[in-house]
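>>> Show me how the following folds:
(2 chains)
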Amino acid sequence: GDSVTQMEGPVTLSEEACLTINCTYTATGYPSLFWYVQYPGEGLQLLLKATKADDKGSNKGFEATYRKETTSFHLEKGSVQVSDSAVYFCALSDNAGGTSYGKLTFGQGTILTVHP
Amino acid sequence: ETGVTQTPRHLVMGMTNKKSLKCEQHLGHNAMYWYKQSAKKPLELMFVYSLEERVENNSVPSRFSPECPNSSHLFLHLHTLQPEDSALYLCASSPQDGRGYNSPLHFGNGTRLTVT
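Numbers count the residues shown, from 1 in each chain, chains lettered A, B, ... in the order given. I've put the predicted structure just below:
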């Protein structure tokens, strides 16, 4: 079955440091890949997505490139801010079943804390 | 009001109680989902409704009973729960189209359930 594996957290950084959160996946079809972010007390929000190999998703200074050869979708940001403190989830949606709705498989989440 | 709204935000119930969680979306989506978020575990997909029909039930115990009376509303009826059912229950919605697997999910802020 499909699965998503994220790097273990928590991750603690100082403001303006570089961020990388690793994500690898297994899927039976040709998945679309997503990063979601969850701020304290809130639900998940879409951060960025990529729908085919070599696509780069980007938003709010975050980037991730769909690497089919390494089955990876690592999240990166060059300079983090205190406001980026949240839980980050990597997810995939596999079209192998031909579904017309988005069925997401999530990683376990990575807690990021950024200090001033 | 826009987006996905869940009520109540917090719920404490005894094991013999019956309660319901409510979700409402104002995004014009035709697919709705219930996810369970437990500490240190990936999000677990519980149910999927597409065009008001249940299309997925991921081996969820019968003490959880979903209901989707129309495309804008989704309920999760709870009865005789166990303490291990304590978690954050997230509702989500997404468009329904031929490439729905590419569409991101829009989440509510969740209901924090505690079973005593």
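
>>> wait, what's in contact with the nearest residue to residue A:61 once chain neighbours are set aside?
Excluding its sequence neighbours, the residue lying closest to residue A:61 (Cβ to Cβ, 6 or more residues apart in numbering or on different chains) is residue A:77, at 5.3 Å. No exception for glycine: its C-beta is placed from N, CA and C like everyone else's. By Cβ atoms under 8 Å, 6 or more residues apart in numbering or on different chains, the contact set of residue A:77 is A:18, A:19, A:61, A:62, A:63, A:84.

>>> The lowest-mean-pLDDT helix or strand in chain A near chain B anywhere?
Ranking every helix and strand in chain A by mean pLDDT, DSSP states H and E puts strand A:104-106 at the bottom, with a mean of 88. Yes. Contact between strand A:104-106 and chain B, assessed by Cβ under 8 Å from any Cβ of the partner chain, occurs at A:104, A:105, A:106.

>>> which of the contacts of residue A:77 count as buried?
Neighbour-count burial (16 or more other Cβ atoms under 10 Å in any protein chain shown) applied to the contacts of residue A:77 gives A:19, A:62, A:63, A:84.

>>> and those as CSV, adding pLDDT and secondary structure?
Rendered in CSV, the data for the buried ones among the contacts of residue A:77 read as follows (pLDDT from 0 to 100; DSSP: H, G, I helix; E, B strand; the rest coil):
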residue, pLDDT, secondary structure
A:19, 97, strand
A:62, 98, strand
A:63, 98, strand
A:84, 97, helix
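
>>> Just the strands from chain B, written as ranges.
Using DSSP state E, the strands of chain B run over residues B:4-7, B:10-13, B:18-25, B:31-37, B:44-50, B:53-57, B:64-70, B:73-79, B:87-94, B:106-107, B:111-115.

>>> got the contact list for the shortest one?
Outside strand B:106-107, the residues within contact range by Cβ under 8 Å, 6+ apart are A:36, A:43-46, B:3-4, B:25, B:27, B:29, B:35, B:90-94.

>>> Try it again at 6 Å.
A:43, A:44, B:4, B:27, B:90, B:92, B:93 (Cβ atoms under 6 Å, 6 or more residues apart in numbering or on different chains).

>>> what do you get for the third one?
Contacts made with strand B:18-25 from outside it, assessed by Cβ under 6 Å, 6+ apart, are listed as B:4-7, B:13, B:72-79, B:89, B:91, B:93, B:108, B:111.

>>> repeat that for 7 Å
B:4-7, B:11, B:13, B:32, B:72-79, B:89, B:91, B:93, B:108, B:111 (Cβ atoms under 7 Å, 6 or more residues apart in numbering or on different chains).

>>> Quick one: residues contacting residue A:23.
Contacts of residue A:23 (Cβ under 7 Å, 6+ apart): A:4, A:6, A:72, A:73, A:74, A:75, A:90, A:107.

>>> Quick one: the strands in chain A, in order.
So, for chain A - with DSSP E - the strands run A:3-6, A:11-14, A:19-21, A:23-26, A:32-38, A:44-50, A:56-59, A:62-65, A:75-77, A:86-93, A:104-106, A:110-115.

>>> ranking these by mean pLDDT, which is last?
Mean pLDDT is lowest for strand A:104-106 among those, at a mean of 88.

>>> quick one on the thing from earlier: which of the residues of strand A:104-106 next to chain B ranks first by neighbour count?
Neighbour counts for those (other Cβ atoms under 10 Å in any protein chain shown) peak at residue A:104, which has 25 neighbours.

>>> Kindly state the pLDDT recorded for the residue positioned nearest the centre of chain B?
With distances taken as Cα atoms, centre = their mean, the residue of chain B nearest its centroid is residue B:34 (2.7 Å). Listed pLDDT for residue B:34 reads 95.
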